[in-house]
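Chemist: Need coordinates for the following:
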Amino acid sequence: MLNIVVFQSIFMKNIQVGFLLSYDYEKLKLSIPPVYDQADAIFLAMDEKQRTWSGKEFEIDPIFFEWLESFDTDNKITIYKDNFYIPELSAIENDSRERHMLSLKMGIGNWLVQVDSDEIFIDFSKFVKQLRLRNKYLESPEKNPIQIAGFLVNVYKYLEDGILYVDQPTKVLLATNYPNYKVARKTKERIIYTDNILLHECLSRTEKELRFKLDNWGHNDQVNKNFFEKWRRANKDNYKSITDVFYLEPHKWKKLGFIESRNLDKIKDLIKERPSLSLSKSYLFKKNFGQWFKFLKLFRMNKNHDFETYF
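Modeler: Residues are numbered from 1 along each chain as shown. A predicted model of the protein is given here:
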C-alpha cells in the first residue's frame with residue numbers, strides 16, 4: 001500500500017501543459033519555450049491524419065520535428081496522435097473533444113494547462129507558483145472543479161516597424177483540475193482569475209493564412225463578415241480612428257494601441273509598462289468575488305471550503 005502512495009505522489013500534482021499541433025505549428029517555436037523549464041511535462045496533440053476540426057488536411061514541414069527534438073533537451077515533450085476529427089461533429093465540437101482527450105492523456109490529478117500555439121506567456125513561473133498554492137484542488141477534482149484564468153493582450157496586426165494590439169486585455173481560461181469541457185476550454189465551472197498576461201498572436205499572419213485559420217477553427221461559422229476590411233487598412237497612422245475590430249462580435253474589441261517594436265522581449269517589457277494593460281488587485285478581487293458569490297450555494301455543500309481559498 002505504501003508503494004502505491006509513493007507512486008502517486010511522484011506522478012500526480014504535476015504541471016502538465018498541452019498544446020494543439022495543427023496548421024499553425026510554426027508558432028509553437030515561440031509558445032513552447034516560455035513554459036518549458038517550469039512544466040513537468042508537455043503534450044502536443046495532433047490529428048493522426050493531419051486534419052483540422054473542419055476536416056481540411058494540413059502538412060507539417062519535417063524540419064519542425066527536427067527543431068522540436070533538438071529543443072527538448074529534458075525529454076519533456078510527448079506527441080499525442082489520435083483521431084480528432086469526427087465528420088458528424090461541428091468544428092467547435094471537435095475542438096472541445098480534442099481538448100478533453102488531451103487532458104485525459106495528461107492525467108487527472110495534475111494541473112491541466114492548455115495553451116494555444118499562438119499564446120505566449122509573459123511569466124509562466126509566476127503562474128506555476130499560483131497553481132502550486134492551490135494544490136488542494138487536485139485531491140478530489142471531480143467534487144470541486146475549478147478553472148484558472150489569465151488575460152490576453154491580443155496582437156491585431158504586425159506592421160513593418162511595430163505591432164497594433166487591442167488596447168484592453170481579454171480573459172483566457174488556462175488551467176483546470178477537472179476537464180469537463182463544454183465549449184473549447186470552457187468547463188463552465190467556477191473561475192479563479194489571476195493577473196497572468198499572455199501575448200496572443202491570433203491575427204499575426206498573412207491574409208491568406210488568416211483566412212485559413214478563421215475558416216478552420218472552432219468558431220468558423222461566427223466570423224464577422226466586415227472584419228477583413230478594417231484589418232487590411234489599419235496602420236500606425238489611422239489606428240486611433242478604427243474601432244470595434246473583433247473578428248466575432250466587433251464591439252468586444254473597442255480600440256487599438258501601437259507598440260513601436262517587433263522584438264518579442266521588448267514587446268513583453270512594454271506590455272508590463274502600459275497602464276491600460278495592467279490588472280489591478282481591486283479588479284481581480286471583484287471578478288473573484290463575483291465567482292465566489294455565483295457558486296456560493298455549491299460551496300456551502302462542502303464543509304471543507306473557506307472564503308480565503310477562492311482568491
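Chemist: Just checking, which helix or strand of this protein averages the lowest pLDDT?
Modeler: Lowest by mean pLDDT, DSSP states H and E among the helices and strands of the chain is helix 2-11, with a mean of 38.
Chemist: State the next helix or strand along the chain beyond it.
Modeler: strand 15-20 (DSSP states H and E).
Chemist: quick one: the strands in the chain?
Modeler: All strands of the chain, identified by DSSP state E, fall at 15-20, 41-47, 77-82, 111-114, 119-121, 146-159, 162-166, 170-176, 190-200, 256-259.
Chemist: Which one, of the ones you listed, ends up nearest to Lys208?
Modeler: strand 146-159 (14.6 Å; C-beta to C-beta). C-beta coordinates here come from the backbone N, C-alpha and C atoms, glycine included.
Chemist: now that closest one: mean pLDDT?
Modeler: Averaged over strand 146-159, pLDDT sits at 95.
Chemist: Provide a list of residue ranges in the protein with pLDDT below threshold.
Modeler: Within the chain, the stretches with pLDDT under 70 are 1-11, 216-222, 297-311.
Chemist: Contacts only, for Ile267.
Modeler: For Ile267, the contacting residues are Ile163, Leu199, Ile259, Ser261, by C-beta atoms under 8 Å, 6 or more residues apart in numbering.
Chemist: ok, the second one - how many residues close by?
Modeler: Same thing as Leu199. Neighbour count of Leu199, defined by other C-beta atoms under 10 Å: 23.
Chemist: Look up how far Leu264 lies from it.
Modeler: 8 Å (C-beta to C-beta, to the nearest Å).
Chemist: Name the residues contacting each of the two.
Modeler: Ile120.
Chemist: which secondary structure elements does the longest helix along the chain contact?
Modeler: Looking across the chain with DSSP state H, the single longest helix is helix 91-106. Helices and strands touching helix 91-106, by 3 or more C-beta pairs under 8 Å, 6 or more residues apart in numbering; DSSP states H and E, are strand 15-20, strand 41-47, strand 77-82, strand 111-114.
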